[in-house]
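mind folding the following:
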Amino acid sequence: MVVGDDDQSIYSWRGAKSGNIKRYTKDFPKADVIKLEQNYRSTKNILSAANSVIKNNPSRMAKELWSNNEEGEMVKVYRAFNERDEAKFIVDIIKDWVKEGGCLSECAIIYRSNAQSRSLEDSILRAELPYRIYGGVRFYERAEIKNALAYARLAVDRNNDAAFERVINVPTRGIGAKTMDNLREAARQAGSSLWEAAEEMAKANSSGRAVSSFQTFIDLINKIAAHKDTEELGSFFTDLIEASELKEFHGKEPGEKGRSRVENLEELITATSNYFGIGEDDSDERTTLELFLDQAALDAGETQADESEKAIQLMTLHSSKGLEFPLVFIAGCEEGLFPHQRSMDDAGQLAEERRLCYVGMTRAMQRLYMTHAEVRSLYGSDSFSPVSRFIKEIPEELKYEIRLAAEKEHPDQGFKPRIVGGTDVADTPFALGDRVTHNMFGEGIILNYEGQGDNARVEVNFDSGGSKWLVVSYANLEKV
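Coordinates of the predicted model:
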């Protein structure tokens, strides 16, 4: 007896092949095929939408899920202005779910790439809601991100022993455990930092592989640090990641793991490019880099919710297999992101991406949202991608579109959107995507907002460079 579903075969990179079940019937032509098509989890509308997507895959075993459950709600599609609007929309829907008597643990946010969790986590943290990364760790707790931040911390403070220990041999420099023990002992006896001990060791010895490696590392950190106060934050991290060769180092890890680590490093560049830090008061003399590192430490320091705690569940599509939730969001449904860019020229990989979508959609029991962004920041710059073909494959009668209506104006002025569907900034004349002007910073676009009434704040990406959070009641913003 063989039991399986070729439509849920999503691990080809582990050797799993969707054609194995079909091949079985050829190898054993007398075998009886019993289709297990009744679904006890999802509503009829969700199943119909999932069936409509998966039927576009060629060479699959014909079958169609059905259910005796209620018709249920249509699949809701939200077209966000950008990834921040997308994340805020998801958080707002979850808040409404809880107000209606639902539970946070009934809510799952699913995405194609691990790197997508960063903007979602940021919005959830702002809302002060508990969450878990199912089968993984938070963005700023990931090894590759910790490595990049450790390089940055050393650039700010050479005497940071924890940062030194973390990256002295990442990538590998041929510095063994015995050499590190000697370095620690030298630092202990001299009452100095590991950096100072390494400098002394490099000065005192003119030969030896370890000594040469110490000097190479010292030169690298000094090179990175030379630009920490003159470059924009995103450019600084771009140069840091390139100089440290972290992409090449982590990219060598096999399969999806290596690709995921590289994507996370690229998302760090996006995060820093969009960061504008403001000190606590006028006496706060920390640089933008120092403010970002402190904020990253705070975000990483937040304890992840326990399995038993009621919390929002975040996970990749691969991790979602076998799970079920009353409320499900599939975020980032854009061409190049989902389906992933790597699948575009490979029919087999594209079919697997579609199976991933089918798996994600059928995790939903009652409500399913699929979201996509008109503009998404990738690797420090804005990317404009069309809506995923998977959304287009859902018949109109099965989906309800919550749209961001935008029309292209003069090329120099970009988009001037009109928000439809409840994303106006509360108690203000503004909406996400509005172009506004400020008497000091000039023109920009509203990217995000929080609070209401006298406490309403908007994040504006100014043409002059950088995003700033402004209190609406004091900023004297005007629509352009």
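
wait, what's in contact with residue 196?
Residue 196 is in contact with 158, 159, 187, 190, counting by CB atoms under 8 Å, 6 or more residues apart in numbering. Placement of C-beta: from N, CA and C, glycine included.

quick one, what contacts the third one?
What it means is residue 187. When contacts are counted by CB under 8 Å, 6+ apart, residue 187 touches 161, 193, 194, 196, 197.

any figure for the gap between it and residue 245?
According to CB to CB, to the nearest Å, residue 187 stands 26 Å off from residue 245.

picking that back up, quick check, nearest of the contacts of residue 196 to residue 239?
Residue 239 has its nearest neighbour among these in residue 158, at 18.2 Å by CB to CB.

confirm the closest one sits in a strand?
No: counting by DSSP: H, G, I helix; E, B strand; the rest coil, residue 158 is not part of a strand but coil.

grab the nearest non-local neighbour of it.
Nearest non-adjacent residue to residue 158, counting by CB to CB, 6 or more residues apart in numbering: residue 195, 4.3 Å away.

what does residue 430 give?
Closest to residue 430 by CB to CB, 6+ apart is residue 446, at 5.7 Å.

how about the secondary structure of that neighbour?
Under three-state DSSP, residue 446 comes out as strand.

tell me which element residue 265 falls in.
Using DSSP states H and E, residue 265 maps to helix 255-273.

neighbouring contacts of that helix?
Outside helix 255-273, the residues touching it (CB under 8 Å, 6+ apart) are 13-14, 113-116, 118, 139, 142-145, 148, 232-234, 236-238, 241, 246-247, 250-253, 292, 318, 377-381.

which helix or strand contains residue 401?
Using DSSP H and E, residue 401 falls in strand 399-402.

list the buried residues in that strand.
By neighbour count with 16 or more other CB atoms under 10 Å, strand 399-402 contains the buried residues 399, 401, 402.

the last one contacts residue 80, correct?
No: the pair residue 402 and residue 80 fails to qualify as a contact (CB atoms under 8 Å) at a distance of 9.3 Å.

keeping just the C-alphas, turn stretch 109-122 into CSV.
These are the backbone C-alpha positions of stretch 109-122, laid out as CSV (Å, rounded to 0.1, in the frame of the first residue of the first chain):
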residue,chain,number,x,y,z
ILE,A,109,1.3,34.3,8.5
ILE,A,110,2.9,32.2,5.8
TYR,A,111,5.6,33.4,3.3
ARG,A,112,7.9,32.0,0.6
SER,A,113,11.2,33.3,1.9
ASN,A,114,12.5,33.5,5.4
ALA,A,115,13.7,37.0,4.8
GLN,A,116,10.1,38.2,4.5
SER,A,117,9.5,37.8,8.2
ARG,A,118,11.6,40.9,9.0
SER,A,119,8.9,43.5,8.0
LEU,A,120,6.2,41.4,9.5
GLU,A,121,8.0,41.0,12.8
ASP,A,122,8.6,44.7,12.9
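
who's the residue nearest to residue 430 bridged to?
Here residue 446 shows beta-bridge partners residue 460, assigned using DSSP bridges.

residues contacting it?
425, 430, 431, 432, 433, 434, 436, 458, 459, 460.

much appreciated, bye for now.
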